[in-house]
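[1] Sequence below, structure please.
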Amino acid sequence: MTQRAHPKTQTPAGRGEAVPRGCTNLKLRQLSRAVTRHYDAYVAPTGLKNTQYSLLSHVVLLGPLKPSELAASMRLDASTLTRNLQPLLAQGWLTQGPGADARSRLIEATDAGRAQRIEGQRAWKQAQLALNARLGPERVVALHALIDACLAELDAAGEEESP
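    I've put the predicted structure just below:
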């Protein structure tokens, strides 16, 4: 029985190693958009977008914290964090108040924000269970492990490479 290469990979003649074809960034963005649509379909009825639920959860679990700490824990740049915080602040689910000194700020969840997170968490759990059922738990576990390993490798490479 011979193994055949996946149609989107190439195996050089005489060698058993696969060579990726196509753009990894594009493939990851396509996957990300598909997964986001899946979660949004479950979370949207709570009044939250998937990104807002994630941000609210981080603040509830880690807060109160500085915006820079929140951005680092979520792997977001400052401008994306600022843009994503605005609707949550406007809804009264988060507050941004003074920090330890005059130049710092702290982000904290309000009681309404904690209640909204609980509602969002129920919907998120249903989305996660549905995704696990659709893809298979083994594939999801393998995907998580691969993503974590890739992030660790890229983080290590980023520390070594300075522009």
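[2] Could you name the helices and strands sitting against the helix or strand harbouring residue 129?
    If you go by DSSP states H and E, residue 129 is part of helix 111-135. Packed against helix 111-135 by the contact rule (3 or more CB pairs under 8 Å, 6 or more residues apart in numbering; DSSP states H and E) you find helix 24-43, helix 50-62, helix 137-160. Where you see a C-beta, it was placed from the backbone N, CA and C, and this is true even at glycine.
[3] for that helix, what is the average pLDDT?
    Per-residue pLDDT over helix 111-135 has a mean of 97.
[4] now do stretch 153-163
    Averaging pLDDT along stretch 153-163 yields 72.
[5] Check stretch 29-48 too.
    Stretch 29-48 carries an average pLDDT of 95.
[6] Convert that stretch to CSV, retaining C-alpha atoms only.
    Presented in CSV, the C-alpha positions along stretch 29-48 are these (Å, rounded to 0.1, in the frame of the first residue of the first chain):
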residue,chain,number,x,y,z
ARG,A,29,-6.9,33.3,8.3
GLN,A,30,-9.5,31.2,6.4
LEU,A,31,-9.6,28.8,9.4
SER,A,32,-9.8,31.7,11.8
ARG,A,33,-12.7,33.3,10.0
ALA,A,34,-14.6,30.0,9.8
VAL,A,35,-14.1,29.3,13.5
THR,A,36,-15.1,32.9,14.3
ARG,A,37,-18.3,32.5,12.3
HIS,A,38,-19.1,29.3,14.2
TYR,A,39,-18.6,30.9,17.7
ASP,A,40,-20.3,34.1,16.7
ALA,A,41,-23.4,32.2,15.7
TYR,A,42,-23.7,30.9,19.3
VAL,A,43,-22.5,33.9,21.2
ALA,A,44,-24.3,36.7,19.2
PRO,A,45,-27.7,36.1,20.9
THR,A,46,-26.1,37.2,24.2
GLY,A,47,-25.4,40.6,22.8
LEU,A,48,-21.6,39.9,22.5
